[in-house]
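> test case, fold it:
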Amino acid sequence: MKLVNNKLATRIVIPMLAAGLLLAPLPGLSSPSAVEAAVAPAPAAAAANSPLVYVDGKKLTLSASAFAQNGVTFVPMRNIFGALQASVTWEPKTKTIIGRKGNITITLTVGQKTALINGKSIKLDAAPIVKGGVTFVPVRFTSQSLGATVKWDSTANTIRITSAEEAQRLAYENWLEQQANIPKLTTKQIVEKYDQSVVLISTNIGQGSGIVIGDNLILTNYHVIVDATSATAMTVDGESLGVVGVVHYNKTDDLAIIKTEESIGAPAVEIGYGINAEKGDKVVAIGSPLGFQNTVSEGVISNIIYEDGVRYLQISVPIDHGSSGGALFSDTGELIGITSGGIENTTAQLNIAVSVMHASLLEGTVTEQMIRQAKFLPPSLPDTLVGAPFADVKKLMEEQFGSVQLKASTATFTNWEVKRDAEGWYVITADIDPMFYMYYGPASADELRIWTANLGYELHRMLPDEKIQFLVSYDRVLTFEPRGYEENEVTPAGEGKWRLRFPVIDMQVKDQLVIDVKQ
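Numbering: from 1, shown residues only. Got it, this is the predicted structure:
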């Protein structure tokens, strides 16, 4: 399982609706005869019969009464643009109206039945007109061009306009209400609904879990499938399906979608965004820790954290090796995460799931061509290093083995060197982070031994005829001469300082493997 370290969290913010814009006076109007320079109130009789205009449920105060002409309703341009949070500019010489909102620009001209929306010509049912010194525009065209919806209430002689922002707000409130009314499920009900949709994934290098998201598509962690050259997916009913390869993946999000040779025959789990998952919510996990297929465990969301742009759910749900790629459900039965890793040897249950929102984004970019061309990923390590320049081998070691995530912390290795010594041995050396070793070295010795054994296996595979030695050293300059070390481990560093250097890992391999890890 992958261990995720907490970093400074970012936030997802639901934008608030923008406040209404305050429009500046129109430029270039210098006399009472200019258009809209003076607004005379409409006669009372006309006003009594004029349509009423409501924007987002509020009656719009008009500088001059709206009126209908040949089936088209007109309103003063300033009022309608302002109510819809758009700016407006009047060009008196050409009698042109220019309205702007976001990336939308509308251009209308008095007396012309053609308008421009972002430069595209649109035919109008009626042209803007000047009446009583006020410039009027068609209310439906103007509103709809700015993303609003318009409804005519003939009984009340009223035009009701809903802005795009208000429509979005109403939709969000409706969504919140729907979420609040979703019934809660018991753990047993969640298992009954989804147990068949979670599979055990076995590869030639390891084991994990997966979530059925299509007829022959499975969502899992990237680290479950990377470097695998073959894999099978086993259903809870014991049916084993061959895996063709990887359809799509995102290494940063630690997610991958794989394809099976045949139909899985299990219900697909819907992938949403999981944005209503909150700290303290009850959650249920289904996966295969240590190969115990479709084990169910429950807990809560302990925290929500962010790292490198990825949203993670920290959970108290017990998981283990093999749980990677498993499903994490909310108490409403929604898939909200993919169980991915955690910190071992702690009673705090510090486990991690990748938010399902990243899976949704990944699934959304899958194409039919990707599905047809699914194949296993190229291995991260080459088939051979025979004949490779030492500089290339050094670069490979830095990139592929420069750090290892252990239970306590991350061990990093620097100052890599590759050479052949006088006795013909292929020697690779590096230094371990002295702070890591000082605090965690003895407690991490067994893990370092396993990591080194895997490295030895890979080096022997790539250099099968070589006698290889891999040496990792503790190297630190001190302001005093330390006591109790071998004579050759403490040397003068000049300026009253001393260098302490001793071997931490010594691995030797040819047809057999020998490892010594200092504790």
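> can you classify Tyr437 as helix, strand or coil?
Recorded secondary structure, Tyr437: helix (DSSP: H, G, I helix; E, B strand; the rest coil).
> okay, it: pLDDT?
According to the prediction, Tyr437 has pLDDT 94.
> now swap in Ile304 and tell me
Value listed for Ile304 in the pLDDT field: 95.
> I'd like the next helix or strand past the helix or strand bottoming out on mean pLDDT in the chain.
Confidence across the helices and strands of the chain bottoms out at helix 44-49, with a mean of 53, counting by mean pLDDT, DSSP states H and E. Later in the chain than helix 44-49, the nearest helix or strand by DSSP states H and E is strand 52-55.
> outside of that following strand, which residues touch it?
If you take C-beta atoms under 8 Å, 6 or more residues apart in numbering as the criterion, strand 52-55 is touched by 59-60, 62, 66, 75, 79-80, 83-84, 139, 156-163. Where you see a C-beta, it was placed from the backbone N, CA and C, and this is true even at glycine.
> let's see that with 6 Å instead.
Residues outside strand 52-55 that contact it (C-beta atoms under 6 Å, 6 or more residues apart in numbering): 60, 66, 75, 83, 158-161.
> quick one: strands adjacent to that strand?
strand 58-59 (antiparallel), strand 158-162 (parallel) (DSSP bridges).
> redo those strands as CSV? Include mean neighbour count, distance to Leu108 and mean pLDDT.
Below are these laid out as CSV (neighbours: other C-beta atoms under 10 Å; distance: least, C-beta to C-beta, whole Å; pLDDT from 0 to 100):
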stretch, mean neighbour count, distance to Leu108, mean pLDDT
strand 58-59, 10, 25, 94
strand 158-162, 19, 18, 95
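> as JSON lines, these with distance to Ser355 would be great.
Shown next, in JSON lines, are those (distance: least, C-beta to C-beta, whole Å):
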{"stretch": "strand 58-59", "distance to Ser355": "38"}
{"stretch": "strand 158-162", "distance to Ser355": "32"}
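> can you tell me which of these comes nearest to Ile201?
Nearest of the strands paired with strand 52-55 to Ile201, taken as C-beta to C-beta: strand 158-162 at 48.6 Å.
> the very next helix or strand once past that closest one vs strand 158-162, what angle?
The C-terminal neighbour of strand 158-162 among helices and strands, as given by DSSP H and E, is helix 164-180. Orientation check (axes from the mean of the first three to the mean of the last three C-alpha atoms, to 10 degrees): helix 164-180 against strand 158-162 gives 70 degrees.
> check the secondary structure at the residue nearest the centre of the chain for me.
Nearest residue to the geometric centre of the chain (C-alpha atoms, centre = their mean): His358, 4.1 Å. Here His358 is recorded as helix under three-state DSSP.
> next: the one 4 residues further on.
Classification of Leu362 using three-state DSSP returns helix.
> ok, it touching Ile258?
No - using C-beta atoms under 6 Å, Leu362 is not in contact with Ile258, being 12.0 Å away.
> neighbour count for the two, which is higher?
Ile258 (27 against 20; other C-beta atoms under 10 Å).
> the more buried one - that's part of a strand, no?
Yes - applying three-state DSSP, one finds Ile258 inside a strand.
> how about it, what does it touch?
The contact partners of Ile258, by C-beta under 6 Å, 6+ apart, come to 218, 225, 243, 246.
> highest neighbour count among those?
Ranking these using other C-beta under 10 Å puts Ile218 first, with 29 neighbours.
> could you check the pLDDT of that one?
Looking at Ile218, its pLDDT stands at 97.
> look up the residues forming beta bridges with Val198.
Applying DSSP bridges, one finds that Val198 bridges with Ile211.
> got a markdown table for the contacts of strand 52-55, with distance to Arg100 too?
Output for the contacts of strand 52-55, formatted as a markdown table (distance: C-beta to C-beta, whole Å):
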| residue | distance to Arg100 |
| --- | --- |
| Leu60 | 20 |
| Ala66 | 23 |
| Val75 | 18 |
| Ala83 | 15 |
| Thr158 | 28 |
| Ile159 | 23 |
| Arg160 | 24 |
| Ile161 | 18 |
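> looking at those, which is nearest Asp465?
Closest to Asp465, out of all of the contacts of strand 52-55 and judged by C-beta to C-beta, is Ile161, at 80.3 Å.
> relative to Lys282, how far out is that closest one?
Plainly put, Ile161 is 43 Å away from Lys282 if you go by C-beta to C-beta, to the nearest Å.
> residue contacts, Arg499?
477, 491, 493.
> in a helix, that's where it is, yeah?
No - counting by three-state DSSP, Arg499 is not part of a helix but strand.
> understood, closing this out.
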